[in-house]
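Engineer: coordinates for the following, if possible.
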Amino acid sequence: MTTTPSGRTRLHPETRREQLLELGVRLLSTRSLDELSIDVLAEEAGISRGLLYHYFGNKQDFHRAVVRHAADDLIRVTAPVPEGEPLERLGRSLDAYVGYVEANYAGYVSLVRGAASGNEDLQRIYEEARAALTDRIFDVAGAEGVLDVLHLQDTPPVRLMVRGWSAMAEDVVIAWVRDPRGVPREDLLTMLAAALPGVLSGTP
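Structural biologist: Have a look, this model is predicted:
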């Protein structure tokens, strides 16, 4: 960060780019990815389109960078807490996940739909984010882990079913945020956490 002769502060390019990405993520919380354009970001940031193209080569690069930033935010805010029983910690991570989808509904649904549409860039980011979320169940082993509580080992069938549970949880949360249908938040979290042992109960 430097100061110009006029007294204005000039940010380091990486710092400025980070600020623009954070603004892009905030804008994405209330609109779809298709609605998030270079023009919209330039207007909100109070800078020229040309300067934005300096930071992001084109619209696709811009979208990819914003979605990557949003996915990193999701992974960060849902990080498991170190205290509590394994299933309790899972419930708290689910609570953070629901809160994230609530706060970023339009952008999150846009990411899911973009990945499902075959957009390779969005699909790759989406799959990496989902893997990061589900792999946490396997990262903590021994007496502190969910699998140990359920008397299960880390096997391909178990990983396959955890992935299926994750997809179900995502669909349920998106549907609930769109229309809670009289289901209290606490009940939603309880059902989602309880569904994992149920899904894994028949795993060899």
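Engineer: in space, what's closest to the most centrally placed residue in the chain - neighbours in sequence excluded?
Structural biologist: Nearest to the mean C-alpha position of the chain, by C-alpha atoms, centre = their mean, lies L74 at 3.2 Å. What sits nearest to L74 in space, not counting adjacent residues and going by C-beta to C-beta, 6 or more residues apart in numbering, is Y100, at 5.5 Å. No exception for glycine: its C-beta is placed from N, CA and C like everyone else's.
Engineer: same check on L27?
Structural biologist: With sequence-adjacent residues excluded and distances taken as C-beta to C-beta, 6+ apart, L27 is closest to L36, at 5.7 Å.
Engineer: in this protein, which ranges drop under the pLDDT threshold?
Structural biologist: Residue ranges of the chain with pLDDT under 70: 1-11, 140-144.
Engineer: show residues contacting the longest helix along the chain.
Structural biologist: When the chain is scanned for its longest helix (criterion: DSSP state H), the result is helix 156-178. The contact list for helix 156-178 (C-beta atoms under 8 Å, 6 or more residues apart in numbering) reads 94, 97-98, 101-102, 105, 108-109, 112, 130, 133-134, 137-138, 147, 152, 183, 188, 191-192, 195-196, 199-200, 203-204.
Engineer: mind running it again at 6 Å?
Structural biologist: For helix 156-178, contacts defined as C-beta atoms under 6 Å, 6 or more residues apart in numbering pick out 98, 101-102, 105, 134, 137, 152, 188, 192, 196, 199-200, 203-204.
Engineer: of the residues you listed - the most surrounded one?
Structural biologist: Each of these was scored for neighbours by other C-beta atoms under 10 Å, and I137 scores highest at 23 neighbours.
Engineer: the residue nearest to the centre of the chain and V25, how far apart?
Structural biologist: Distance from L74 to V25, counting by C-beta to C-beta, to the nearest Å: 10 Å.
Engineer: would you map the helices across this structure?
Structural biologist: Counting by DSSP H, the helices of the chain are 13-28, 38-45, 49-55, 59-77, 86-103, 105-116, 120-139, 146-149, 156-178, 185-200.
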